[in-house]
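A.B. asks: Have a look at this prediction, sequence included:
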Amino acid sequence: MSTKKISEKMLQQIMKDQEIVLKPGGHKKAFANANQVRERLLRFHLFYTAEPYKAYRKLQEEQLYRTTAHETVLCKERLINRFRFMLWKDSIDLKVAGEDKLIADLLKQDEEEAMEQDHELELCDIEKFKALYCQPAKDPTPPPSPELQLSDAHILPTISSLSDEKPSELQESSYETEVELRKRLKLRSYLKLKVVLTRFLQSQT
């Protein structure tokens, strides 16, 4: 504690201020506004730091905390400021936590989608490989017997037309499979690029 000396005039002013502040019911309104509260309290705390007035200052502070003016103006102002600070801090914490969680969820979702696409492409590649290279060898059709040529001659054009249509259907299905495969490859590349860019941006912040 500093042993600051104060003049008699300043001491009288302090006593007058404290009398106004602490006087119960002496005035209808102890303070005109919150600025008066701050000014008088600042003067009170500024000049009541000398050692001879320590006990008196402590008593005055205890009485000051019981006044109506303190409860109605200063206490509410402190509570409001504290409440606003807590709201601001909580909002910042929630925002940061929400952004981190959102980025983590997006990365996890992208990785899961990429893994699913890889699995689907692997299955598609296996099916395509089987369709192209693992088909069972077809038995050569024996030449029709003379009886068949004579008795079932009207059926032969239908059989030949069916045999002509099969290669075109296989070609069309293989083409559709190729187009679908390319689409999935593009989607997988896009998802992997998105994950890499998101991780890079997260590391830069």
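C.D. replies: Yep, it's here. Numbers count the residues shown, from 1 in each chain.
A.B. asks: Over to residue 113. Which of the three states is it?
C.D. replies: helix (DSSP: H, G, I helix; E, B strand; the rest coil).
A.B. asks: For residue 124, identify the helix or strand it belongs to.
C.D. replies: helix 75-133 (DSSP states H and E).
A.B. asks: quick one, domains of this protein?
C.D. replies: 8-66, 97-132+156-204 (automatic domain parsing).
A.B. asks: Could you tell me the least trusted of those domains?
C.D. replies: Mean pLDDT is lowest for domain 8-66 among these, at a mean of 57.
A.B. asks: how much space is there between residue 191 and residue 182?
C.D. replies: Computed as Cβ to Cβ, to the nearest Å, the residue 191 to residue 182 distance reads 15 Å. All C-beta atoms are positioned from the backbone trio N, CA, C, and that covers glycine.
A.B. asks: residues contacting the closest residue to residue 118 other than its chain neighbours?
C.D. replies: Counting by Cβ to Cβ, 6 or more residues apart in numbering, residue 118 lies nearest to residue 188, which is 6.6 Å off, once chain neighbours are set aside. By Cβ atoms under 8 Å, 6 or more residues apart in numbering, the contact list for residue 188 reads 114, 117-118, 121.
A.B. asks: So which of those residues is the closest to residue 200?
C.D. replies: residue 114 (16.3 Å; Cβ to Cβ).
A.B. asks: And for the closest one, the neighbour number?
C.D. replies: Neighbours of residue 114 under the rule other Cβ atoms under 10 Å: 18.
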